[in-house]
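Participant: quick one, what's the 3D model for this:
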Amino acid sequence: MSKRDYYEVLGLDKNASAEDLKRAYRKLAMKYHPDKNPGDTKAEEKFKELNEAYEVLSSPEKKQRYDQFGHAGVNGAGGGGYENYGGFGGFEDIFGDIFDMFGGGGGFSSRRRSGPQKGADIKYELSITFEEAVFGTEKTIEFHKYENCHTCNGSGAKPGTSKKTCDQCKGTGEVRYVQRSPLGQIVNVKACSQCGGEGQIIEKPCSTCNGKGKERKRKKVKVKIPAGVDHGSIIPLRGEGEPGTKGGPYGDLYVVLRVQPHKIFERDGYDILCEIPITFVQAALGEELEVPTIEGKVKYKIPEGTQSGTIFRLKNKGIQNPKGYGKGDQYVKVVVEVPKNLTEGQKDILKQFASESGEEIHQNRKTFFDKVKDVFGV
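Facilitator: Next up is the predicted model:
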């Protein structure tokens, strides 16, 4: 199969500048890169063709021979393979740009984080009562965590001794090696196996921590819980997590609150809901009731003829917003209780009441299901 013209492959003419070549190659290489087209053989072939074309045209000497003699002038150059691509001006730089855009996929190096690193965070679940969540409180919690060893102050070395610079990586913690690949020479970086990437070796480890530099301890921390927190609220305590490495800062402690349910109250945001039972007489005649709130009992007068399920609002009797945006309200739902186990005298009174209201007690009334049958004929 005859090869296409290299300028045609890149979509350029012979007057294209070096910058035009570079720009066109970068754009097309991004489009047909194997990492963006996994399993697409056509894209892979186009990518190889692009590499071959750019390898020739990016070299002034080869470009001159190609312009004069065509493919015959550069016979053996490229040839559709990748093995000759490490060292032509600007070629590796372009691939570095492309690999960076792919997030390092197949890039020229795989660098590890060798500098100071922050310690791990800790999650602690704390159970509190409904009242503690509403009004706020202070708790002391206990948990296990790693701390820098008290004997060696976190160095891992026996007191009176020090770490030795690793002779394999010369203290860098990294070992580099060059590997040839279809994309040219790739510099790989990996953690030094001798020192584990630390750059230093402990010849005489601390007897307390066995060279780890850390020991597990039980710690007590005071947690201030602001008023108005809710179930699932998180209180961060900076620097109370695990110690960092190589001089890095401590991690953080995240206290997750679990609020216990209340026997009377329920919460809806910063509002409080509750139900209170009232008698038939109270509902019919009205009465001043003592209503429970989170701050104690308050008096509230319900009007005559209050129906079961009616909801009353007690303004500013809810929960304080922890950000200082005021308080919620309390909503009270009254439920009329039907009396049970009536005496004969009580029954007579109710019958008299029904009679005066024009209600016929013993009248045969259609049930709900009788009415359904009348409507649907079933």
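Participant: helix or strand right after the lowest-mean-pLDDT helix or strand in the chain?
Facilitator: Every helix and strand of the chain was ranked by mean pLDDT, DSSP states H and E. The lowest is helix 91-101, at a mean of 47. Sequence order places strand 122-128 as the next helix or strand after helix 91-101, per DSSP states H and E.
Participant: what about that next one, average pLDDT?
Facilitator: Mean per-residue pLDDT for strand 122-128: 94.
Participant: after it, next one along is what?
Facilitator: helix 130-135.
Participant: then that next one to PDB, C-alphas only?
Facilitator: Backbone C-alpha positions of helix 130-135 (Å, rounded to 0.1, in the frame of the first residue of the first chain) are rendered in PDB as follows:
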ATOM      1  CA  PHE A 130     -32.300  16.000  71.500                       C
ATOM      2  CA  GLU A 131     -31.900  18.700  74.200                       C
ATOM      3  CA  GLU A 132     -28.100  18.800  73.800                       C
ATOM      4  CA  ALA A 133     -28.500  19.400  70.000                       C
ATOM      5  CA  VAL A 134     -31.000  22.200  70.700                       C
ATOM      6  CA  PHE A 135     -29.200  24.100  73.400                       C
END
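Participant: is it true that residue 63 lies in a helix?
Facilitator: Yes: assessed with DSSP: H, G, I helix; E, B strand; the rest coil, residue 63 lies in a helix.
Participant: my guess is it contacts residue 57. True?
Facilitator: Yes: using CB atoms under 8 Å, residue 63 is in contact with residue 57, at 5.0 Å. For glycine as for every other residue, the C-beta is placed from the backbone atoms N, C-alpha and C.
Participant: the two: which has the busier surroundings?
Facilitator: Between residue 63 and residue 57, residue 57 has the larger neighbour count (other CB atoms under 10 Å), namely 25 against 18.
Participant: where does the stretch 1-150 of the chain dip in pLDDT?
Facilitator: 1-2, 75-115 (pLDDT under 70).
Participant: kindly recompute the last result at 50.
Facilitator: 76-93, 95-96, 98-113 (pLDDT under 50).
Participant: quick one: residue 24 from residue 242, how far?
Facilitator: For residue 24, the distance to residue 242 (CB to CB, to the nearest Å) stands at 51 Å.
Participant: ok, residue 309 next?
Facilitator: Residue 309 is 54 Å from residue 242, by CB to CB.
Participant: who's in contact with residue 20?
Facilitator: residue 12 (CB atoms under 8 Å, 6 or more residues apart in numbering).
Participant: give me the distance between the two termini of stretch 25-40.
Facilitator: End-to-end span of stretch 25-40 (CA to CA, to the nearest Å): 19 Å.
Participant: show me what counts as buried in that stretch.
Facilitator: For stretch 25-40, burial by neighbour count (16 or more other CB atoms under 10 Å) applies to 25-26, 28-29, 32-34, 36.
Participant: residue 238: which of those residues is nearest?
Facilitator: Nearest to residue 238 among those: residue 36, at 41.1 Å, using CB to CB.
Participant: surely the closest one touches residue 44?
Facilitator: No: in this structure, residue 36 is not within contact of residue 44 by CB under 8 Å, at 10.9 Å.
Participant: from the buried residues of stretch 25-40, which ones fall inside helices?
Facilitator: Among these, the members found in helices (DSSP state H) are 25-26, 28-29, 32.
Participant: need those in JSON lines with distance to residue 17, can you?
Facilitator: Formatted as JSON lines, those follow (distance: CB to CB, whole Å):
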{"residue": "25", "distance to residue 17": "13"}
{"residue": "26", "distance to residue 17": "14"}
{"residue": "28", "distance to residue 17": "17"}
{"residue": "29", "distance to residue 17": "18"}
{"residue": "32", "distance to residue 17": "23"}
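Participant: quick one: distance of the longest helix along the chain to the chain centre.
Facilitator: In the chain, taking DSSP H as the definition, the longest helix is helix 41-57. The chain centroid and the centroid of helix 41-57 are separated by 41 Å under CA atoms, centre = their mean, to the nearest Å.
Participant: against which helices or strands is it packed?
Facilitator: Contact analysis of helix 41-57 by 3 or more CB pairs under 8 Å, 6 or more residues apart in numbering; DSSP states H and E lists helix 6-10, helix 18-32, helix 60-69, helix 91-101 as its packing neighbours.
Participant: how about a cut-off of 7 Å?
Facilitator: The contact analysis (3 or more CB pairs under 7 Å, 6 or more residues apart in numbering; DSSP states H and E) places helix 41-57 against helix 6-10, helix 18-32, helix 60-69.
Participant: so which of those is nearest residue 166?
Facilitator: When those are compared (using CB to CB), the closest one is helix 18-32, at 38.9 Å.
Participant: could you check the angle helix 60-69 makes with that closest one?
Facilitator: With axes from the mean of the first three to the mean of the last three CA atoms, to 10 degrees defining the directions, helix 18-32 sits at 90 degrees from helix 60-69.
Participant: contacts only, for residue 166.
Facilitator: 192, 194-195, 199-201 (CB atoms under 7 Å, 6 or more residues apart in numbering).
Participant: including distance to residue 246 and neighbour count, could these go into CSV?
Facilitator: Below are the contacts of residue 166 laid out as CSV (distance: CB to CB, whole Å; neighbours: other CB atoms under 10 Å):
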residue, distance to residue 246, neighbour count
192, 14, 21
194, 17, 13
195, 12, 22
199, 9, 20
200, 10, 18
201, 15, 18
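Participant: which members of the residues you listed occur in strands, if any?
Facilitator: Of the contacts of residue 166, the ones assigned to strands by DSSP state E are 200-201.
Participant: helix/strand/coil for residue 322?
Facilitator: Per three-state DSSP, residue 322 ends up coil.
Participant: was I right about it contacting residue 227?
Facilitator: Yes: with contact defined as CB atoms under 7 Å, residue 322 counts as touching residue 227 (6.2 Å).
Participant: show me how far stretch 18-28 is from its chain's centre.
Facilitator: Using CA atoms, centre = their mean, the offset of stretch 18-28 from its chain centre is 40 Å.
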